[in-house]
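Colleague: Quick one: sequence and predicted model below, then my questions.
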Amino acid sequence: MFFKRTASTLGLWGVVALGFASRQDWAYLILIGAIMVLATVEYFQMLRVRGEKCFPRFGIGLAVLYAVAMSWFLLRGDGVLPVGFTGAAVFLAIAGAFALQLRHPIRGDEPLKAVAFTLLGFIYLPVLFGYAPRLVFELDGPGEVPGAMVLLWLIAVTKFTDMGAYIVGSAIGKHKMIPHVSPGKTWQGFGGALIFSQLAGCGLYAFFQDDMPNFATGLHVLGGWGAVVGLGVVIALLAVIGDLAESVVKRSLEAKDSGHMLPGIGGALDLIDSLCFTAPFLYFYLQWVH
């Protein structure tokens with residue numbers, strides 16, 4: 001399992017490296033959009049296998065529409081989504097799910113579960129993960145995108161957090177962290193996650209800070225060494241929560257993995273579970289703090 005996971009991780013980093021090396025705005029959007037839709041498909045597949053009532057074709061179709069519309073707005077020239085874009089998408093998801101439920105009889109709380117499962121799939125995956133490309137484009141616009149280095153920094157910190165938890169937890173993990181949610185998580189692994197997140201965050205910042213954009217005030221996008229260390233800690237905490245959140249979903253649906261696309265890792269949802277929590281945080285931090 002360790003070697004399968006390592007091979008899958010190296011392969012994924014190869015794909016990510018090719019996308020970032022291209023420096024093409026469309027390459028980022030294709031990669032992110034494809035993963036977003038695949039993760040949504042896996043989510044609804046888990047629900048169907050479990051026999052839960054939901055609206056998978058609507059949810060998946062909405063994910064595709066969201067990815068296409070987001071890409072079109074980000075590429076069309078100004079690199080910024082219209083005000084209210086995400087709110088309008090959530091409204092469409094709510095209204096559409098209830099409209100579809102009107103066709104079916106009401107049996108206990110089944111209608112509410114159908115609407116709730118469908119909404120969760122859309123907000124949890126396309127909406128939250130959709131903040132990843134916004135980090136690229138809304139920082140510096142389309143075309144040559146220095147904001148891509150910010151996203152690369154985020155991915156590295158997030159994934160090194162996962163890697164540190166896995167490596168240290170597998171080697172010396174003894175004290176269970178939250179066994180009723182994820183029996184494999186240990187406090188020793190959590191310590192490894194914090195250490196590895198700092199290695200990635202500080203290491204990339206040291207080598208690539210000049211490739212990241214500055215704000216009009218001259219302040220670096222990440223704000224300096226103190227902010228990098230603090231962001232690394234918060235991102236590591238959110239990455240762990242994101243990983244545990246997916247464990248809640250999988251254990252509730254009695255699924256070991258969301259899919260089998262990546263040997264040793266699982267599916268697309270297993271790949272982006274942590275990023276669904278860390279990407280929105282970094283986006284809001286940059287928007288609100290700076």
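Modeller: All right, it came through fine. Numbering: from 1, shown residues only.

Colleague: going forward, measure contacts and count neighbours with C-alpha atoms only.
Modeller: Fine.

Colleague: separation between residue 245 and residue 180?
Modeller: Using Cα to Cα, to the nearest Å, one gets 12 Å for the distance from residue 245 to residue 180.

Colleague: Settle it for me: which of the two has more neighbours?
Modeller: Between residue 245 and residue 180, residue 245 has the larger neighbour count (other Cα atoms under 10 Å), namely 17 against 9.

Colleague: Name the nearest residue to the more buried one, ignoring sequence neighbours.
Modeller: Distance criterion Cα to Cα, 6 or more residues apart in numbering; nearest residue to residue 245, sequence neighbours excluded, is residue 273 at 7.7 Å.

Colleague: Which residues are in contact with the one you found?
Modeller: Shown in contact with residue 273 (Cα atoms under 8 Å, 6 or more residues apart in numbering): 239, 242-243, 245-246.

Colleague: if I look at the residue lying farthest from the centre of the chain, how far off is residue 132?
Modeller: The centre of the chain is farthest from one residue, residue 105, which by Cα atoms, centre = their mean lies 35.5 Å away. In this view, residue 105 and residue 132 are 39 Å apart by Cα to Cα.

Colleague: Need the contact partners of stretch 236-249.
Modeller: 157-158, 161-162, 181-182, 190, 193-194, 197, 270, 273-278.

Colleague: ok, 7 Å please
Modeller: Outside stretch 236-249, the residues that touch it by Cα atoms under 7 Å, 6 or more residues apart in numbering are 158, 161, 181-182, 193-194, 197, 273-278.

Colleague: now residue 187: how far from residue 174?
Modeller: Residue 187 is 8 Å from residue 174, by Cα to Cα.

Colleague: hmm, which of the contacts of residue 273 are the buried ones?
Modeller: Among the contacts of residue 273, those buried by neighbour count (16 or more other Cα atoms under 10 Å) are 239, 242-243, 245-246.

Colleague: Closest to residue 210 out of the residues you listed?
Modeller: Proximity to residue 210 was ranked across the buried ones among the contacts of residue 273 by Cα to Cα; first place goes to residue 239, at 25.9 Å.

Colleague: Could you name the specific helix or strand carrying the closest one?
Modeller: Taking DSSP states H and E as the criterion, residue 239 maps to helix 225-252.

Colleague: for the stretch 151-290 of the chain, what are the low-confidence residue spans?
Modeller: Applying pLDDT under 70 to the stretch 151-290 of the chain picks out residues 214-219, 258-266, 290.
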